[in-house]
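K.L.:
Coordinates for the following, if possible.
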Amino acid sequence: MNIPQLIDFTEASLDAAFASVRNEAEAAVAAPGFETEQFRLEWLGRKQGHLKAISDAWLKAAPPEAKKLIGQRFNALKEQVEGFLVAASAGAAAKPAVAGLDVTLPGTSQRVGVEHPLVKTMAEIVGVFQRMGYSVGLGPEVESDFYNFEALNFPPNHPARDTQDTLVVAEQEGKPLRERLLMRTHTSPVQIRSMLEQAPPLRLIIPGKVHRNDAADATHSPVFHQVEGLCVDTNITFSDLKGTLDHAMKAFFGSAVKTRFFPSFFPFTEPSADVQISCIFCGGKGCRKCKHSGWIELLGCGMVDPAVFEAVNQRRIELGHDPVYDTRRISGFAFGMGVDRIAMMKYGISDIGLLYSGDMRFLEQFA
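P.N.:
Below you'll find the model as predicted:
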């Protein structure tokens, strides 16, 4: 290594001189055929190493007023060179030894993971509706009051809001109610967002995570998953809804499953219904899991309330778009189901908390 003589002892000149040496050391580490022991002897050798030579040429021969500046930079350079050596040694240790490689030995097997039971169940439900021509819709988990409640026919102070224990974002009191942020309590806001972005016809299946201020127990969790569906077109009737859900339940649970509908209430559908399926465990004969009724309540549904279409039209006007949901000729249906409950039924899980515990002993059962 050719060590130039220092003539200028200003800080800028010293910085440039030491940077040049550091770059040379870094280049030596990156050079082909690099060997860590040879580098250590050449640069850190106590008698003939490059750093020893730099110390003799620059530090010892420097004028007294420059020794402190050179000494600080020399110590930093030494730490950097030692760091290059440590990093290079670690890299060499991580490389497998090629000399003793036996290509006839079996390779290391890579363990392949499997889908979480929740993810698998949700994908299966979505797949049923995709095969029926539905597209997948997604949206944010943090929503405004407008999309989560107002546009879905939940007026302010409406009692139906109380059934959805809502987790709200802090410090929103200064905003108008419709702009206040919250964690979505259902995936229905995606229906509104989709109708704002797209004119009919629509056929959407909407999977996702939702949040409610529920106390955790064997059947409740503050975080859970839903799959909702929306179909909007001309001349959509309740018969279309019944036929769609009956086909979907048979495709998911088996062709022997029967469905039946009971009147219900949801603010965003009219008329509304609860859907039951014949018990998949006893075939409708009656057992402990269906409370000996032969039926299991599974989801809610109904025809989209015209008030929802009117809210979408009004919002489209506010955003500078034309209203396209004419309630005189456009109709639709919507439905929603809890994925967690279906997964628990399918896999015989008694506590919803197990789905979110991350306990490998539980999850390995599904591998």
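K.L.:
name the helices or strands packed onto the longest strand along the chain?
P.N.:
When the chain is scanned for its longest strand (criterion: DSSP state E), the result is strand 223-234. With contacts defined as 3 or more C-beta pairs under 8 Å, 6 or more residues apart in numbering; DSSP states H and E, the secondary structure elements packing on strand 223-234 are helix 117-130, helix 189-197, strand 202-211, helix 238-253, strand 330-338, helix 339-347. (Each C-beta comes from the backbone N, C-alpha and C, glycine too.)
K.L.:
Select, out of the ones you listed, the one closest to Ser221.
P.N.:
Within the helices and strands packed on strand 223-234, the stretch nearest Ser221 is helix 339-347; the backing value is 7.0 Å (C-beta to C-beta).
K.L.:
Alpha carbons of whichever helix or strand comes after that closest one, in PDB - could you do that?
P.N.:
As assigned by DSSP states H and E, the chain's next helix or strand after helix 339-347 is helix 360-363. Extracted in PDB, the C-alpha atoms of helix 360-363 (Å, rounded to 0.1, in the frame of the first residue of the first chain):
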ATOM      1  CA  MET A 360     -49.700 -23.700  17.600                       C
ATOM      2  CA  ARG A 361     -51.000 -26.700  19.500                       C
ATOM      3  CA  PHE A 362     -54.500 -25.700  18.300                       C
ATOM      4  CA  LEU A 363     -53.500 -24.700  14.800                       C
END
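K.L.:
buried stuff in helix 360-363?
P.N.:
Counting neighbours by 16 or more other C-beta atoms under 10 Å, one finds that the buried residues in helix 360-363 are Leu363.
K.L.:
what sits up against it?
P.N.:
Surrounding helix 360-363, the residues in contact under the criterion C-beta atoms under 8 Å, 6 or more residues apart in numbering are 116, 354.
K.L.:
thinking again about what came up before, just the buried residues of the longest strand of the chain, please?
P.N.:
Of the residues in strand 223-234, those scored as buried under the neighbour-count criterion (16+ other C-beta under 10 Å) are 223-232.
K.L.:
wait, is Pro263 part of a strand?
P.N.:
Yes: applying DSSP: H, G, I helix; E, B strand; the rest coil, one finds Pro263 inside a strand.
K.L.:
Tell me which of the helices and strands packed on strand 223-234 sits nearest to Gly286.
P.N.:
Taking C-beta to C-beta as the criterion, Gly286 comes closest to helix 339-347 out of those, the separation being 16.3 Å.
K.L.:
circling back to that earlier point, between the helices and strands packed on strand 223-234, which one is nearest to Leu41?
P.N.:
Leu41 lies closest to helix 117-130 among the helices and strands packed on strand 223-234, at 56.2 Å (C-beta to C-beta).
K.L.:
Show me what that closest one packs onto, helices and strands only.
P.N.:
Short answer (3+ C-beta pairs under 8 Å, 6+ apart): helix 117-130 packs on strand 202-211, strand 223-234, helix 238-253, helix 339-347.
K.L.:
out of the ones you listed, nearest to Pro106?
P.N.:
Pro106 sits nearest to helix 339-347 of all those, at 34.0 Å, using C-beta to C-beta.
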